[in-house]
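Undergrad: this is a predicted model, with the sequence first.
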Amino acid sequence: MRMIGHLDEESPATIFGNFLHAEGIENQVEQDDNGQWCIWVHDDDQLEMASRMLTQYRANPTDPIYHDKARAGVKLKSEAERMEENYRRKLHDRAELTSVQVEIRLGLLTTVLMAVCMMVFVVSNFGADLTSIRSLFISQVKAALPGIHKLSDLVEIRQGEVWRLFTPMLIHLSILHIVFNMLWLRDLGSIIEWRLGSGHLAVLVLCISGTSNLAQFLWSGPAFGGMSGVVYGLLGYIWIRGRFDPGSGLRLHPTTVWMMLIWFFFCLTDMAGHIANVVHAAGLGMGMAWGYVASLAARR
């Protein structure tokens, strides 16, 4: 921001400042220590044009065009200030939106999902007895050779057991597996329930789960389970929706996003062991895409 000149009295300076606003030149009018009214222009690229206009204004300050444009500039400033205030009112800081345990109560659907996952974990003898929950896997039919699978391999689903497309998210194979997923589900699921409702969360969970489970099956077969695909999908949705649609009230601290992304890439390494990474990738990708499309729809 640079000063282009000054005027001796407040009224002419204010009129000229509002005239510049009407011309699309952001500016600020301030009184200096000598009692003169300085005109400051925000954009350096507009300095030459604004200086030329100031010279013309000084030559004929009573020209009606300046007064007419000044009135239009006042209206534009008022509208801009109103929009800025609405934007600020919609924005929520991290403490308000991500302190789930303090500000956001545990959502009903989130609680139900967590309870069912823990019940399945107990029934499976903490992941040691998978035969007791075999009806929850996407399929019980294992291909003779590992590798790429086809939709036609989903025998049970083709025979009407459609729930298998979603229920792998309920299966967890270790304490660490279920604790990690439940902690993230608690936070991310409750944020969405708190801002958008349980119905919105239900649609997200089912669509993300079905898509990511199907992708993992096609890549490696039926031997997988866990809520992590949904968790990454919810993360992607909140992250992108909050970034492009602040009015949604969804927001995550950058540290949270980076931590999850670092873990995502760590799981791709040999050190992480056997992990269903396609579930993570498909869930995250779908959540991000859904969040972006939802933000576009909200701005219309």
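TA: Now that the structure is in, tell me what you want to look at.
Undergrad: how close does Trp239 get to Phe180?
TA: Separation of Trp239 from Phe180 (CB to CB, to the nearest Å): 18 Å. The way it works is simple: take the backbone N, C-alpha and C, and place the C-beta from them, glycine included.
Undergrad: with neighbour numbers in mind, choose between those two.
TA: More neighbours surround Trp239 than the other of Trp239 and Phe180, with 23 against 17 (other CB atoms under 10 Å).
Undergrad: in a helix, that's where the more buried one is, yeah?
TA: Yes: with DSSP: H, G, I helix; E, B strand; the rest coil as the criterion, Trp239 is part of a helix.
Undergrad: who's in contact with it?
TA: By CB atoms under 8 Å, 6 or more residues apart in numbering, the contact set of Trp239 is Leu252, Val257, Gly287, Met288, Gly291.
Undergrad: can you map out the helices along the chain?
TA: Ranges of helices within the chain are 10-22, 47-59, 64-90, 94-98, 108-123, 155-158, 175-196, 198-220, 228-244, 254-266, 277-299, based on DSSP state H.
Undergrad: let's have these in JSON lines, adding distance to Ser139.
TA: Converted to JSON lines, the helices of the chain look like this (distance: least, CB to CB, whole Å):
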{"stretch": "helix 10-22", "distance to Ser139": "65"}
{"stretch": "helix 47-59", "distance to Ser139": "68"}
{"stretch": "helix 64-90", "distance to Ser139": "45"}
{"stretch": "helix 94-98", "distance to Ser139": "38"}
{"stretch": "helix 108-123", "distance to Ser139": "17"}
{"stretch": "helix 155-158", "distance to Ser139": "6"}
{"stretch": "helix 175-196", "distance to Ser139": "21"}
{"stretch": "helix 198-220", "distance to Ser139": "7"}
{"stretch": "helix 228-244", "distance to Ser139": "16"}
{"stretch": "helix 254-266", "distance to Ser139": "26"}
{"stretch": "helix 277-299", "distance to Ser139": "15"}
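Undergrad: go through the ones you listed and name the closest to Ile138.
TA: Smallest distance to Ile138 across the helices of the chain (CB to CB): 5.1 Å, for helix 198-220.
Undergrad: residue contacts, the closest residue to Ile157 other than its chain neighbours?
TA: Of all residues not flanking Ile157 in the chain, Arg164 sits nearest, at 5.4 Å (CB to CB, 6 or more residues apart in numbering). Arg164 is in contact with Ser135, Leu136, Phe137, Ile138, Ser139, Leu154, Glu156, Ile157, counting by CB under 8 Å, 6+ apart.
Undergrad: just give me the neighbour total for the nearest residue to Tyr57 once chain neighbours are set aside.
TA: Spatial nearest neighbour of Tyr57, excluding adjacent residues (CB to CB, 6+ apart): Phe16 at 5.2 Å. When neighbours are counted by other CB under 10 Å, Phe16 registers 26.
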